[in-house]
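Asks: structure for the following, please:
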Amino acid sequence: MNLILMDEQEKRNKNSYTLISGGFIQNPGEIKQKKNILVQGSKIIDIIDDIPFDIENFKIIDAKDCIITPGLIDQHIHGGYDCNFNTAEVKTIINFLSNLPKHGITSICPTIMTDVLENIKVQTRRIIEAGKLLPETSAKIIGINLEGPFLNPEYKGAHAKELFIKPAIENYKKIESDEVKIITIAPEMDRGFELTKYLSEKGVIVSAGHSKADGGEIKKAFDAGLAHITHIFNAMPCLHHRNPGIIGNSLVNDAVYVEVIADHNHLHPDIVELILRSKPEDKVIFISDSLPLNRGSSESTVFGGQKIFNRGEFAVNEEGRFAGSLMFLDSVIKKNLSSAGFPKLLKYCSQNPAKNLKMKTLGYIDREMTADLVIWKQETAEIQKVLINGNLCTT
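Replies: Sure, this is the predicted structure:
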């Protein structure tokens, strides 16, 4: 390469630098540190105390009086802003993903609930297509979450039980996609745990939910490859002192991840505390379980074949039963900030889901990690700025 071209390239590279200065890096589970972050392209390339070099041509982001955290990752989210992942077209999905950065959410697993198999396939294709067309400043799609249709009708929750089918390899193959990263099944209905074994061998996270598995069944499912519990305590038998079942067994099994809807509506704050005291810190994942009504344009909608209604922080069906949450993860963090603190909450909302989904460059701030960053006002926990792949988003 001649020197003139090399000089031009160096100028372009220099102009692509972003310096986040004056803030405190708050990594999951750690003490905050006052550092400056240097970003080039989509990566963090350095973390420094001082700035000894010329920054005249750098893009500067002032983070004074702020903390800088990894981006939030929501692995179980059904929608919001009028987007329903069971019905939304590509442009609606893109609009939703474009709104999520204002909530500090930089990556998600769009969650498709129980439906006819053909529609699950259609929506999987739409989500994949949307992921290819997303603007650089939109939250990213890092996999698809299937909540159903292999569930137990006795614990259907907001799902249409008439659409449930038997957990079996031949049935799953009808909707199989390489983009599916998590799937919820009722393990007691999986004969010989054949589907559990098949999915776990393919690297799909198998999660127990909407299930009445007893202690013996859930232990056998763990041995077969089950590694995860869908929104623990919800849509499963209550914890009983002589039959611990799914809840008891997953709380004492240190190898199993548990999802928690920590909105203080689906679970009492004391139950959230019980989970956090029982489980290792690195095996708890906070989810939103957010529904299309969250920040939507109407007070009611059809979800899972039934009409649901906005009740502020959660939605209910016509019988008054919980149908899901109307809070995003930034609000979940604020709900739990006084009891858990930012370092722990970032494990639950960023680092742990990243590890669960094997996203090695997400969930932590360090050199060579992806520049998915959230800048929060330290005093109020209000989001000031968000970067996704190094791109500054409008918040």
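Asks: could you list the low-pLDDT ranges of the stretch 1-150 of the chain?
Replies: For the stretch 1-150 of the chain, the stretches flagged by pLDDT under 70 are 1-15, 52.
Asks: what residues sit buried inside stretch 333-342?
Replies: Taking 16 or more other Cβ atoms under 10 Å as the neighbour-count basis, stretch 333-342 is seen to contain the buried residues Ile333, Lys335, Asn336, Ala340, Phe342. C-beta here means a position set from N, CA and C on the backbone, and glycine is covered the same way.
Asks: what is the most widely separated pair among the residues you listed?
Replies: For the buried residues of stretch 333-342, the farthest-apart pair by Cβ to Cβ is Lys335 and Phe342; their separation is 13.0 Å.
Asks: for the spatially most central residue of the chain, which non-adjacent residue is closest in space?
Replies: For the chain, Asp74 is the residue whose C-alpha lies nearest the centre (Cα atoms, centre = their mean; 1.4 Å). With Cβ to Cβ, 6 or more residues apart in numbering as the measure, Ile108 is the residue that lies nearest to Asp74, at 4.7 Å, once sequence neighbours are left out.
Asks: tell me where this protein has helices.
Replies: Listed from the start of the chain, the chain has helices (DSSP state H) covering 3-15, 90-99, 117-133, 169-172, 194-201, 215-224, 245-252, 269-278, 329-340, 342-346, 352-356.
Asks: closest one to Gly23 among the ones you listed?
Replies: helix 342-346 (13.2 Å).
Asks: how about the closest one as CSV, C-alpha atoms only?
Replies: Listed next in CSV are the C-alpha coordinates belonging to helix 342-346 (Å, rounded to 0.1, in the frame of the first residue of the first chain):
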residue,chain,number,x,y,z
PHE,A,342,-26.4,-2.2,40.4
PRO,A,343,-23.5,-4.7,40.5
LYS,A,344,-25.7,-7.7,41.2
LEU,A,345,-28.5,-6.5,39.0
LEU,A,346,-26.1,-6.3,36.1
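Asks: what's it in contact with?
Replies: Contact partners of helix 342-346, identified using Cβ atoms under 8 Å, 6 or more residues apart in numbering, comprise 26-32, 67, 69-70, 276, 281, 286, 333, 336-337, 381.
Asks: one step back: of the helices of the chain, which stretch is the most buried?
Replies: Across these, averaging neighbours per residue (mean count of other Cβ atoms under 10 Å) puts helix 352-356 on top, at a mean of 23.
Asks: now do that helix, average pLDDT.
Replies: Confidence over helix 352-356, taken as the mean pLDDT, stands at 98.
Asks: can you list contacts of it?
Replies: Contacts with helix 352-356, where a contact means Cβ under 8 Å, 6+ apart, come from 28, 70, 73-75, 205, 228, 257, 282-285, 360, 362-364.
Asks: got the CA coordinates for that helix in PDB?
Replies: Output in PDB follows, covering the C-alpha atoms of helix 352-356 (Å, rounded to 0.1, in the frame of the first residue of the first chain):
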ATOM      1  CA  ASN A 352     -25.700 -14.000  33.100                       C
ATOM      2  CA  PRO A 353     -28.000 -14.100  30.000                       C
ATOM      3  CA  ALA A 354     -24.900 -13.500  27.900                       C
ATOM      4  CA  LYS A 355     -23.200 -16.500  29.400                       C
ATOM      5  CA  ASN A 356     -26.400 -18.600  29.200                       C
END
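Asks: from the contacts of helix 342-346, which land in strands?
Replies: Under the assignment DSSP state E, the contacts of helix 342-346 contribute Ile67, Thr69, Pro70, Phe286 to strands.
Asks: make a markdown table out of those residues and add distance to Asn119.
Replies: Shown next, in a markdown table, are the ones in strands among the contacts of helix 342-346 (distance: Cβ to Cβ, whole Å):
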| residue | distance to Asn119 |
| --- | --- |
| Ile67 | 42 |
| Thr69 | 37 |
| Pro70 | 34 |
| Phe286 | 29 |
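Asks: may I ask which two of those residues are separated the most?
Replies: The most widely separated members of these are Ile67 and Phe286, with 18.1 Å between them, by Cβ to Cβ.
Asks: neighbour count: these two, which is higher?
Replies: Phe286 (28 against 20; other Cβ atoms under 10 Å).
Asks: what pairs with that one across the strands?
Replies: Note on Phe286: beta-bridge partners Val260, judged by DSSP bridges.
Asks: how about the contacts made by it?
Replies: In this structure, Phe286 makes contact with Glu259, Val260, Ile261, Ala262, Leu329, Val332, Asn336, Leu345, Tyr348, Cys349, judged by Cβ under 8 Å, 6+ apart.
Asks: want to throw the residues you listed into CSV with distance to Ile61?
Replies: Converted to CSV, these look like this (distance: Cβ to Cβ, whole Å):
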residue, distance to Ile61
Glu259, 33
Val260, 32
Ile261, 33
Ala262, 30
Leu329, 22
Val332, 25
Asn336, 27
Leu345, 23
Tyr348, 26
Cys349, 22
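Asks: Phe193 - nearest residue in space that isn't next to it in sequence?
Replies: Nearest residue to Phe193 in three dimensions, chain neighbours excluded: Ala224, at 3.6 Å (Cβ to Cβ, 6+ apart).
Asks: I'd say the one you found and Arg191 touch.
Replies: No: counting by Cβ atoms under 8 Å, Arg191 is not a contact partner of Ala224; they are 11.4 Å apart.
Asks: list the contacts for Phe96?
Replies: The contact partners of Phe96, taken as Cβ under 8 Å, 6+ apart, are Gly79, Gly80, Tyr81, Asp82, Cys83, Ala88.
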